[in-house]
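In: Just need the structure, nothing else, for what follows:
(2 chains)
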Amino acid sequence: MRFLSGCLAAATTCLIIGCGAAAPVPAEQVTQTEAAIRAASEVGAPSIPKAALHLKMANDQLQTAKGLMNEGSNDEARLVLDRARVDAELAIALAKEATLRTQAAEALAKVTKLRAEATPRSTAK
Amino acid sequence: MKKLVLFSSLAIVALSLAACGAAKPTKELEDARAAYQDASRGKAAELAPDKLLSAKQALDRAEGAFQESPGSYQEKSLAYIAQRMAQLASAQAGQIDAQKAAEKAEEDYKDAQDQLRKAAQDDAARTAAALRENQSKLDKVRRDLADQDSKLGEAANKLKAQEDELAKKKAELEARQKELEAEKAARAEAEKKLAAAMKSLAEIAKIKEEQRGLVITLDGSVLFASGKTALLPIAESKLETVANVLQQQSDDKKIVVEGHTDSVGDDAKNLKLSQDRAESVRSFLVSHGVKADRVSAVGKGESVPVADNKTPEGRANNRRVEIVIK
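Out: Numbers count the residues shown, from 1 in each chain, chains lettered A, B, ... in the order given. Alright, predicted model coming up:
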């Protein structure tokens, strides 16, 4: 009876995490996620609200994953790391987008200003 | 046994939940679908197709998990990832969009700068052209002014010359007028003198205007003694008056002194006597200022009587000296 229930529990676990009896430590994923988080900070994510939100999610999930890894739940940690990484990458993309949009707006403002300067001169005569 | 029942019932609940969940996806999956819809309707299809494809594949995986075990952690987790990937595709498209906008703005900026530069150059060219035109107008005005100046100078010179000429003519005219006035005065003086002389002459002689000229007739008895040719002393004062008159007259008038006798005596003797007497009168006149070449003497004898020789008065009248001024 105990054995059966144990078997079922194992099967359920297998179903949930998608197999891997002796799952290895996802060290490379951790490295990649940490690198992505660093990159997000470097491109200015902390100062851009939307990007900062996802950066925080990435950080939180990295910590969660590390906790799971300490507990030996490497497979679960791997799933959490996937999410952490995609959040970090989204933070990078959002930060870059915001920066580029700011730059584009500045460039546009420059054009508008130049045209405004040019206009009175051509009409003044 | 109790546990088995519990577990079995849990499994049934789970299954029924899953059956129910087939119709109702997790919130994560709904969010992922919405995010993907956003991305595919936005610019991601055009600007970030590979990312959009990755998002689609992630969504498909989440959908697969939802089909296999609805409401599972797997579904939620994959949906979570799919949602971020869809957002990432949108952000990626946004980056490219912003980059393009920035590039376009920079191009526009350059174009505007070029336009400004060109406008400034055109302005400068127009200004320069206007300046050149003004300069050439100014040059023309200066040339015209110089022309006018020289013309004015010429005109002034002409005017000066004309004024000089006029002044000269005026001076000449004034001089001529003075001369004329002087002449007139002289002539008036001469006429006055002549008139006075003629008046005194008229007292001592007959004066008559004839066809041959002005004839001054002097009585023979006052000039000469009978038969003589020498002038009587009394004659000289009379002849001085005559000489005075003759001097007053212009030089071109010829003077003829004619001697006349009466018919008494020999013709030849009378002619000779009249000739000599005329010559005496001429000599006196010449010695008293009458020019010698003007005056000639001629004897007419008894050939030109003016009165009857039969009476003593007639003969006295015929004895005479006539001075003819032609």
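In: Only C-alpha atoms from now on, for both contacts and neighbour counts.
Out: Will do.
In: Chain B contacts on chain A?
Out: A:1, A:5, A:16-17, A:79, A:82-83, A:86-87, A:89-90, A:93-94, A:96-98, A:100-101, A:103-105, A:107-108, A:110-111, A:114-115, A:118, A:122 (Cα under 8 Å from any Cα of the partner chain).
In: Drop anything exposed from these.
Out: Using 16 or more other Cα atoms under 10 Å in any protein chain shown as the burial test, the residues of chain A next to chain B include A:79, A:82-83, A:86-87, A:89-90, A:93-94, A:96-98, A:100-101, A:103-105, A:107-108, A:110-111, A:114-115, A:118 as buried.
In: What about those, which are in strands?
Out: Judged by DSSP state E, these include no members of strands.
In: all helices for chain A, in order.
Out: For chain A, the helices defined by DSSP state H occupy A:2-17, A:27-42, A:49-71, A:74-124.
In: mean pLDDT for the ones you listed: which is lowest?
Out: Least confidently modelled of the helices of chain A is helix A:2-17, at a mean of 48 by mean pLDDT.
In: Flag every residue of the stretch 51-200 of chain B that's near chain A.
Out: B:72-74, B:77, B:80-81, B:84-85, B:87-88, B:91-92, B:94-95, B:98-99, B:101-103, B:105-106, B:108-109, B:112-113, B:116, B:119.
In: So which of those sit within strands?
Out: Per DSSP E, those never map to strands.
In: Please check the residues you listed and keep the buried ones.
Out: So, by 16+ other Cα under 10 Å, the buried ones in those are B:72, B:74, B:77, B:80-81, B:84-85, B:87-88, B:91-92, B:94-95, B:98-99, B:101-103, B:105-106, B:108-109, B:112-113, B:116.
In: for stretch B:259-266, the distance to its chain's centre please.
Out: Relative to its chain's centre, stretch B:259-266 lies at 91 Å (Cα atoms, centre = their mean, to the nearest Å).
In: same question, stretch A:88-101
Out: So, by Cα atoms, centre = their mean, the centroid of stretch A:88-101 is 10 Å from its chain's centroid.
In: Now tell me what touches it from outside.
Out: For stretch A:88-101, contacts defined as Cα atoms under 8 Å, 6 or more residues apart in numbering or on different chains pick out A:33, A:36-37, A:39-41, A:43-45, A:48, A:50-55, A:57-58, B:84-85, B:87-88, B:91-92, B:94-95, B:98-99, B:102.
In: and with 7 Å instead?
Out: By Cα atoms under 7 Å, 6 or more residues apart in numbering or on different chains, the residues outside stretch A:88-101 that reach it are A:36-37, A:39-40, A:43-45, A:48, A:51-52, A:54-55, A:58, B:84, B:88, B:91-92, B:94-95, B:98-99.
In: who are the neighbours of the host helix or strand of B:Val281, in terms of helices and strands?
Out: Assigned by DSSP states H and E, B:Val281 belongs to helix B:267-287. Counting contacts by 3 or more Cα pairs under 7 Å, 6 or more residues apart in numbering or on different chains; DSSP states H and E, helix B:267-287 packs against strand B:255-260, strand B:295-301.
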